[in-house]
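In: Dropping a prediction and its sequence here:
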Amino acid sequence: MLQQIIQILPQVLVDGLTLGFIYAVVAIGYTLVYGILELINFAHGDVFMTGSFIGAGVLFFLMSIGFLSSVPSLIVFIIVILIAALATGFLGVGIERVAYRPLRRRNAPKLIALITSIGISFILEDVVRFIAELKTGNYIITAPSLFKTQYHLNIHSIMPFFHNVTFQASFLVVLVVTVVMLISLDIFVNRTKWGMAMRAVAQDRETASLMSINVNRVISVTFFIGSALGGATGVLFMIQYGTIDPYIGFILGIKAFTAAVLGGIGNIRGAMLGGILLGLMEMFAAANLSTITHGAMGAEYKDVFAFIILILVLIFKPEGLFGKAVVEKV
Amino acid sequence: MSILEVKNLTKQFGGLTATSDISMGVEKNSITAVIGPNGAGKTTFFNMITAVYRPTSGDILLNGKSLVGLKPHQVSKFGITRTFQNIRLFNEQTVLDNVLVGMHQRLKGHWVGTLLHFPNVKREEENAKIEAYKILEYVGLEEYVNENAGNLAYGAQRRLEIARAIAAKPKVLLLDEPAAGMNPKETQKLTDLIHDMRTRLDVTIILIEHDMKLVMKISDFIYVLDHGELIASGVPEEIRNNKRVIEAYLGKGAVLNG
Amino acid sequence: MREQISKFSQSPKAQAIFFAAYVIVTALGLYLMQTSVIAFLLLLFSILILYYLKLKTRTKWLIGLFIIAVVVPLVASQGPSFQSYMEVGTLVGIYAAMSLGLNVVVGFAGLLDLGFIAFFAVGAYTYAIFASTQASHFMPFGHYPLPGDTFWLFILIGAIIASIFGILLGIPVLRVRGDYLAIVTLGFGEIIRIVLNNMDHPINITNGALGISSITPPNFLGIPIGNSSQFYFIVLGIFLVVIYIVTRLEHSKLGRAWKAVRDNEIAAQASGIPLVKTKLAAFAIGASFSGMMGAVFAAKQMYVDATSFTYLESTMILVMVILGGMGSVPGVILGAAVVTILNTQVLTDLSNWLTQLSTNGVISIPDALSPAKMQRLIFGILLVVFALYRTQGLIPHKNRKINVEKLKKEASEAPGGALLSKERAETGGTD
Amino acid sequence: ASGSAGGGSKAKTVIKIATQTPLSGPEATIGDALKLGAELAIDDQKAAFAKKGFDLQIAPYDDQADPKKGVANAQLIASDSSILGVVGHLNSGVAIPSSEVYDKNNIVMVSPANTATAVTDRGLKTVNRICARDDFQGPAGANYAVNTLKAKKIFVIQDKTAYGSGLAQAFRDQAAKLGAQIVGYEGITVGEKDFSGVISQAVAQKPDLIYFGGVYAEGGLIIKQARQQGLNIPIMGGDGMDSSATVQIAGDSVKNFYFSTVVGDVTKTAKGKKFADDYKAKFGKNIESYSAYGYDSASVLLQGLMNAIDKNGGKLPTRQAVAQAVRAITNFDGIATKVGFDSKGDNNFAKIYIYKFNKAAYPATQVSEITKK
Amino acid sequence: MANENGTHFLELKQVESFYGKIQALNGIDLYINEGEIVTLIGSNGAGKSTTLKSISGQVQPKTGTILFDGTDITKNAPHQTALSGIAQVPEGRRIFPRLTVRENLQIGAFSVKDKKVVSERMERVFGYFPRLKERLEQKGGTMSGGEQQMLAIGRALMMKPKLLMLDEPSMGLAPIIVEQIFDIVKEMNKEGMTILLVEQNAFQALQIANRGYVIQTGSIVLEGKGSELMTNEQVREAYLA
Ligand SMILES: Nc1ncnc2c1ncn2[C@@H]1O[C@H](COP(=O)(O)OP(=O)(O)OP(=O)(O)O)[C@@H](O)[C@H]1O
Ligand SMILES: Nc1ncnc2c1ncn2[C@@H]1O[C@H](COP(=O)(O)OP(=O)(O)OP(=O)(O)O)[C@@H](O)[C@H]1O
Ligand SMILES: CC(C)C[C@H](N)C(=O)O
Ligand SMILES: [Mg+2]
Ligand SMILES: [Mg+2]
């Protein structure tokens, strides 16, 4: 039993990391917005989805003008991801303007924004669906693949207790891009004045404005960054898995939100590590649960496994894995 | 006789020692003040008594029974209630309901009784409201009965905190800077109120306060903390003239006359 | 004009006459136009009007009950749409009761729950398993399916089992705070759903993804119950019980404790409120309403599988609560009604109507944009619009105002005149 | 309640056929295809009904793949007395509770796609289906896998829906009976896109065939990801994979993928060809096999309706009469399948075809045809 | 008293402010000249804090105008007001609880680009409040009440405003610190900072103030020199006890 778990471990790690990094970046979108507005932005998963569709659209367009064959994949990729990130960034800002800012102005209770976010989420899903369907007749889209070179890591010959690992070039792209995004964001939030302003706004909006911080602007910027990251991740997702549909944001959104909480919501590094951890955990569970339980429970329990770990973590560390315990001064 | 006794009480936050090895006793039915510079550990001391924080070491005894390890609501049940330095009211509830919550552990009615319309539960509720109203009259908030607590001005909120705390009919009442944010006139009224509570409610009062006029006027006994340590104790006259206290806390100009 | 309005709003008599006229007209409207959804909705709207009238609460209850239980079924029963209206009514009742349950948890106790549907699932499966042959797969004794008259017992059992699950959920929840709670409850909801969807092996308890079919319909004094119009009355009955419980508890010691915990945990504890017990009570009581309705749901559908209990369902109930007005009992009921009627009737009718127009060539719509597909989109837009224009909810929560004059009088007459009644709880025990 | 107006009046009596399938949400692609198929059938028959004085119309309902919504819609359908029959649903889980309502109201339902056994096993007079049952399709696939493809170690994956589970179970049981070893039986989550975990597990088990019970959205990716991890063994699925989208999603990996389905290649017959062309002309899309299911279900329903009208002397028949007439059909030639209902409402002629992808193009190549035992 | 153009440094004309339907200010008229210390006294709920909030833009006055340094700032958002040189030490301190003491101070100088200037100012603040220097990395929220008050004042000083508004700065402070605070206020004023001080501690406030206003239920009922007000019978009766 153990032998099999170990054999496939390298492959599980690679796959888990791929998924985990995607969770991580989407989780950051949740954490950023949550951190600043204490709002679970249900629409964020759909911004991610929209990003993947915009990316696919751009890719199809570039293909139709013959750009794809004449230019290296990497350049194409950079163009696509930049356009998608920008577009979703502005989409995020727009959503904030339309659906959240008016509520803030009217001093609405915190939870009411949950409703607009769910509403926006439905709208995005269906609008994307209608556009995709009008254009292609189907809304399950399979994008042209960019980095499909297969790599085989022959670790079996070095370490015989492992099986070999295979992955696609896209895995490396996902890895590199997400790590770059994560690090630059971390620096932005923790080292720059804007980052500090974001945290200040998160903690006390009114007082932040007394410090000459333009609160609405900070919130817009936060939405822009969070959404742009989400959109860019959508492109990565599309590159990695090839197929997208308007509903990918839903499940991924739940997972990413879970990851954000696992790491300690409001905490950027927590969200990253939470995402990676969740990806690994899920992959591990899917690959090994039935081996471990002798068939009593299979891969279908992977989410149960992940959630139980989450709940256990929160019971023993209620502020999340990497969150710092905020002792309320009484 | 000491109703509340504290032995070698220490609290550390990480590397910071907020209170260190404090021992003191509080006489039954007295008014005892705890004073000291900002950050001396006064509020922390209250927090340990009311089980908001668990002491790092040491013991707290109420009538000889240890309170350490209890939950906050159990401490309240044992007869200690408090007000908070940073006001903590139930902002979305009416003033009356705030006081009724204060009575929580005195009301015996079970929710099943509520559902089944038991007459004793009903009567208890009626009486509780009447009593709550009287308490509000007592602290001078009767005109705000139906107002949301969060909408009251600062001074009124402070009085409501007191009302909620005495609604539990405590044996010991802890007041954390009750006069903060009040003008001298209001402080005067508060002083009278505290005096009156002691006799009328037969309660022991411990208060933290920076308003020396109030403290000196009202206290039977004063403890002074500095940097978490007990640096002096005595009747007001002694404290007023204690050099260490003047140096650390009162400042030369502030030695006000009664 | 304004004067007249204010006069009208002051005069109960004028209002009563107006209201009676409204009910009669709309009832007549529905009677004559049986298939008109608008007529049906207008009649239902009378309940909302009633809510705002200046009448005694008791009178309002009686009138409201009369309309819901007698007028609507009677008037609607004359045409082919009867069962359809009653189905909508039944669903409204089910969701309203669940929303009231969630309102206890979220609105009163301030515990954000994103997995509330789990309790509904538990109730539904409880009845489904025992009222079908499913139980015989793992129960060593007894004959299954149980007969339809055990249904009534199962309403209670559903409530009890669901509240046990509520307490189970409560245990981790006691440790986590604020929005961490949201994710724990979400996880809990998903765990329950996934487990129910997979418990066909090693022991077949729930029949897994295939679901449980052929559930025995309930039986009332030998009459089998299978129509929506019959379930309507069952649901109405339970719903009334739920409202009763909720409104009684809201202004009781427990209700105050919930709100205190919601507003300020530390102060609540310092006032002697045990956090654990209070939160668990909220979960258990809230869950029990869902459990009851779950049993009804299983009986009504005659089939359950895990697809009815997804996370989206949980959020929908949450939407009903928030949209209606958190903490506000009438608001939450209205929220449930609005969302349910929109989703099951109005949007469907709207899209049917648009389809009709396009098949008749009145308007032309490309197939990708067929109105039949737009229900969720329209729903999404409506949610945003509602939220932006009713930021406090449809009927915002208001604190109950006590009659101060009366209280003052009673206080001055109260025996003894002492500030606090003399007896003091002697050094209390532990909780 | 039943139809009231007679057929004699001058103004044409409206008869509606409802469809109930998911038109929004993740499963709407197939749901839409079913609806469009039915729509075309209704269009085709419009003239014939007009001759008899009836205005035939379609009433599409969106069940959102949600049982509650399905039942509520069913009540709406029941209350519209001009609706005399339903084509639907996509999901067995929705069809089962909804059909209870149809049955109470004597509305006939012809299901194009519900393969779960419980759909007809409840013995409702109004419930019929033209597709094969899971306990026919699954074993048929198993026979082919074990006997023809000589699979000895089979890894089964299913999507934990009523459909995928039912099919995979039936497949597994039969395969085991035939002596194959089931080296894994795993579930995945509908809507996800990364199935590497389960596939890693499959890799470790070294199976010689993978069976997937579920729909192409996940199936296509499973094929692709399995190939990426170097599993170049035959993979097999059921009718849920019978779609051009399978090829789109899986791309080249689709080679060596087999699936069982209840529909032959419709474009081979003239009738079918015409259907495909009309469909393309009208909706601007290529047909899916589900379109043909939808078309045939509606056609059978309309045939029954026509019979009932004739029997009633050209007047509008009752719903009950329509239901009886539909059930009475024993030999109807559809474009995709012949239809004849047995006493339970299952299709006597339901056949299973096995297809194989030799290249990345739809439709695939038929490799076997299995008739009901 | 007014400057060359006959206008004041800060001037409120007939300002009325509301919280929802509740009117908190019924037409406030008030002015401050450059370099003055002006104090605003009044009982609980009189509208002192609301006046400050109206100036800073946290509350938008419904009617009336507010002029600062010759420009109309009535409709300004708080951050714009702050940029124009008005800092406020809010009631109840409003420290950013999860920022460290250092970050709390840094954010006070948010609009300052030059890092050197920031650290210079910070050193000055440490000069006033050495306790803050000892606790640079402690989270603001865990500081004691009085320590937070010091931090709040320090944070406002980081902005080096033209006009500093203090809302009950002495609340919750040890007597010795209260004295210090008043000293600091005087010193800042000497260096040219104009000060608007809201205090319950009317005696001390009036002592250091050039002028004072007495506010009652949302209206100014008295104004005058600090020393005059201190001896005013009405004031003594009502606020000085
Ligand atoms: N939760 C905590 N974490 C870290 N340090 C804390 C915490 N609570 C209090 N402290 C520190 O402990 C010391 C004592 O704080 P405490 O609140 O008891 O002071 P205090 O005497 O009430 O002062 P003040 O009069 O200003 O309210 C302070 O230096 C404070 O910063
Ligand atoms: N957020 C609010 N919502 C509703 N009413 C408010 C609000 N804030 C203040 N008020 C009311 O406005 C009036 C003026 O309040 P303000 O805070 O300006 O008084 P203040 O003079 O600062 O009193 P204090 O000395 O207690 O701080 C009071 O009656 C108060 O109840
Ligand atoms: C086409 C399939 C996804 C539908 C399936 N046959 C069912 O019964 O649910
Ligand atoms: Mg303190
Ligand atoms: Mg104030």
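Out: Perfect, thanks for sending it. Ligands and ions are numbered 1, 2, ... in the order given.
In: quick one: the helices in chain A?
Out: Applying DSSP state H to chain A gives helices spanning A:2-37, A:44-64, A:67-70, A:73-95, A:101-105, A:112-136, A:155-158, A:169-191, A:193-203, A:205-210, A:215-241, A:248-263, A:268-292, A:302-316.
In: again with chain D
Out: Assigned by DSSP H, chain D shows helices spanning D:28-51, D:67-79, D:92-104, D:118-121, D:134-143, D:162-177, D:196-205, D:216-228, D:244-250, D:270-283, D:289-311, D:319-327.
In: so which of the ones you listed gets nearest A:Leu182?
Out: A:Leu182 lies closest to helix D:196-205 among the helices of chain D, at 21.9 Å (Cβ to Cβ). All C-beta spots, glycine's among them, are computed from the backbone N, C-alpha and C.
In: just the helices of chain A: most buried one?
Out: helix A:248-263 (a mean of 27; mean count of other Cβ atoms under 10 Å in any protein chain shown).
In: one step back: C:Lys401 is nearest to which of the helices of chain A?
Out: Of these, nearest to C:Lys401 by Cβ to Cβ is helix A:112-136, at 24.3 Å.
In: tell me the angle that closest one makes with helix D:28-51.
Out: 60 degrees (axes from the mean of the first three to the mean of the last three Cα atoms, to 10 degrees).
In: can you give me how far helix A:112-136 is from the chain middle?
Out: Distance, stretch centre to chain centre, for helix A:112-136: 18 Å (Cα atoms, centre = their mean, to the nearest Å).
In: Stretch D:259-268 too?
Out: 12 Å.
In: That stretch - what's its average pLDDT?
Out: Averaged over stretch D:259-268, pLDDT sits at 81.
In: Mind listing what's buried along it?
Out: Using 16 or more other Cβ atoms under 10 Å in any protein chain shown as the test for burial, stretch D:259-268 gives D:259-267.
In: Figure out which of the helices of chain A is closest to ligand 5.
Out: helix A:205-210 (14.3 Å; Cβ to the ion).
In: contact partners of that closest one?
Out: The contact list for helix A:205-210, computed with Cβ atoms under 8 Å, 6 or more residues apart in numbering or on different chains, reads A:197, A:200-201, A:215, A:218, E:56-58, E:77-79, E:82, E:87-88, E:90, E:94, E:96, E:107.
In: What about those residues, which are in helices?
Out: A:197, A:200-201, A:215, A:218, E:56, E:78-79, E:82, E:107.
In: Turn these into CSV, columns for pLDDT.
Out: Putting the ones in helices among the contacts of helix A:205-210 into CSV (pLDDT from 0 to 100) gives the following:
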residue, pLDDT
A:Ala197, 88
A:Ala200, 88
A:Val201, 88
A:Val215, 90
A:Val218, 90
E:Ser56, 90
E:Pro78, 90
E:His79, 90
E:Ala82, 90
E:Ile107, 89
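In: So which of these is the closest to C:Val346?
Out: A:Val215 (38.7 Å).
In: Can you tell me which residues in chain D are near ligand 3?
Out: D:30, D:90-92, D:113-116, D:162-163, D:215, D:240 (Cβ under 6 Å from any ligand atom).
In: try 5 Å
Out: Residues of chain D lying close to ligand 3 (Cβ under 5 Å from any ligand atom) are D:91-92, D:113-115, D:163, D:215, D:240.
In: what's the neighbour count on D:Gly314?
Out: D:Gly314: 14 surrounding residues under other Cβ atoms under 10 Å in any protein chain shown.
In: repeat for the one 3 residues further on
Out: By the criterion of other Cβ under 10 Å, D:Pro317 has 26 neighbours.
In: Can you pull the phi/psi pair for B:Val145?
Out: phi -40, psi -50 (degrees, to the nearest 10).
In: Select, out of the helices of chain D, the one closest to D:Ala361.
Out: That would be helix D:244-250 among the helices of chain D, by Cβ to Cβ, at 6.4 Å.
In: and the top helix by length along chain E with chain B, contact?
Out: In chain E, assigned by DSSP H, the helix with the most residues is helix E:175-190. Yes: interface with chain B: helix E:175-190 contributes E:175-179 (Cβ under 8 Å from any Cβ of the partner chain).
In: which of these lies closest to ligand 1?
Out: E:Ile177 (8.9 Å; Cβ to the nearest ligand atom).
In: B:Lys108 belongs to a helix, doesn't it?
Out: No: if the criterion is DSSP: H, G, I helix; E, B strand; the rest coil, then B:Lys108 is coil and not within a helix.
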